[in-house]
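> 3D, please:
(one chain, ligands or ions: 1)
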Amino acid sequence: MNIGIIGAGHIGSALAVRLTSLGHSVCIANSRGPETLTDLAQKTGATPVTAREAARHGELIVVTIPLKNIPDLSKDLFEGVPADVPVIDTSNYYPLLRDGQLPELESGDLTESEWVQQHLGRPVLKVFNNIFAANLEKSGQPAGTPGRIALAVAGDDAAAKQQAMALVDELGFDAVDGGSLHESWRQQPGTPLYCTDLPAADVQQHLASLGTTRTPEQHAQFAANQAAQEKQLQAQGVKL
Ligand SMILES: NC(=O)c1ccc[n+]([C@@H]2O[C@H](COP(=O)([O-])OP(=O)(O)OC[C@H]3O[C@@H](n4cnc5c(N)ncnc54)[C@H](OP(=O)(O)O)[C@@H]3O)[C@@H](O)[C@H]2O)c1
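Here you go, the predicted model:
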């Protein structure tokens, strides 16, 4: 498959390594231009391009840049890209360490990926946001392996979701339907599904017990969990 990746950091490069090793043709972009991606191209086998070219590289696109940088992407990034090309968003909201406060996300009116979707002017799927890049690159296993990590895939387009779920499986993870994009709060930071590397039965159980409509109490609890996690990372000197 031809896959375009916008964002060449931890997640973008982990995906590029795995996807090229599976035989996919990968084009990858950052903010500074393809000439700055020579080393990454050697390491991953992906072809460095501009973000506009990555968005036009075929059958599936992944946007994997910090949330605060989403509004920097050109408004016509996806102009002319066929509507049936799925766009995956991997982003997470880190208000303290990286993104600053975004009112729509603080209030819980929008999920993080709904916010991204609004900015891109294009439907997105949420996946790969809740697994660490190193595990995405190294922890995939063949289907049927006991304890295989499962990843939730949320989105509103059934055909696009099927394609994303097939890719998740190819990368070595069980794919679990995470519901609509509005329900994708269930895989955001602070929730039981965030970077916990659970198998499919546990992911399904958490999705069911969380329900589909986020209550104010759930919003407050998961935001508090995320704030505590960010403060811990800050105390350790981690910079995102
Ligand atoms: N790190 C993880 O383990 C992990 C796990 C799951 C999800 N995520 C989420 O996935 C997203 C990406 O995370 P990451 O850790 O991979 O980020 P990262 O390592 O900081 O890399 C960010 C990448 O985005 C590029 N970028 C920034 N603005 C851009 C723009 N306007 N156009 C094109 N490229 C742009 C940067 O390019 P330049 O360097 O040229 O600016 C860089 O290549 C974040 O929302 C993060 O929360 C991360």
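
> Residue 177 is in contact with residue 164, correct?
No - using C-beta atoms under 8 Å as the test, residue 164 is too far from residue 177 to be in contact (10.3 Å). Where C-beta positions appear, they are placed from N, C-alpha and C, glycine not excepted.

> and for the two, which residues touch both?
Jointly contacting residue 164 and residue 177 under the rule C-beta atoms under 8 Å, 6 or more residues apart in numbering are residue 153.

> And the two? Which one has more around it.
Remark: of residue 164 and residue 177, residue 164 carries more neighbours, 25 against 16, as counted by other C-beta atoms under 10 Å.

> Look up phi and psi at the more buried one.
phi -70, psi -40 (degrees, to the nearest 10).

> From the ligand, how far out is it?
Computed as C-beta to the nearest ligand atom, to the nearest Å, the residue 164 to the ligand distance reads 15 Å.

> confidence score at that residue?
We have a pLDDT of 98 for residue 164.

> Please list all residues in contact with it.
Here residue 164 is in contact with 60, 86, 88, 125, 127, 153, 155, 175 (criterion: C-beta under 8 Å, 6+ apart).

> out of those residues, which are inside strands?
Those of the contacts of residue 164 mapping onto strands are 60, 88, 125, 153, 175, per DSSP state E.

> partners of the closest residue to residue 166 other than its chain neighbours in the sheet?
Closest residue to residue 166 apart from its sequence neighbours, by C-beta to C-beta, 6 or more residues apart in numbering: residue 175 at 7.5 Å. Residue 175 has these beta-bridge partners by DSSP bridges: residue 151.

> what number of residues lie near residue 175?
Residue 175 - counted by other C-beta under 10 Å - has 22 other residues nearby.

> interface residues of the protein facing the ligand?
6-12, 29-32, 51, 64-67, 69, 72-73, 90-92, 129, 132-133 (C-beta under 6 Å from any ligand atom).

> Give the buried subset of those as a PyMOL selection command.
In PyMOL, a selection of the buried entries from the residues of the chain next to the ligand looks like this (16 or more other C-beta atoms under 10 Å):
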select buried, resi 6+7+8+10+11+12+29+30+51+64+65+66+67+73+90+91+92+129+133
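
> what's the next secondary structure element after the lowest-mean-pLDDT helix or strand in the chain?
Within the chain, confidence by mean pLDDT, DSSP states H and E is lowest for helix 103-107 among all helices and strands, at a mean of 94. Sequence order places helix 112-120 as the next helix or strand after helix 103-107, per DSSP states H and E.
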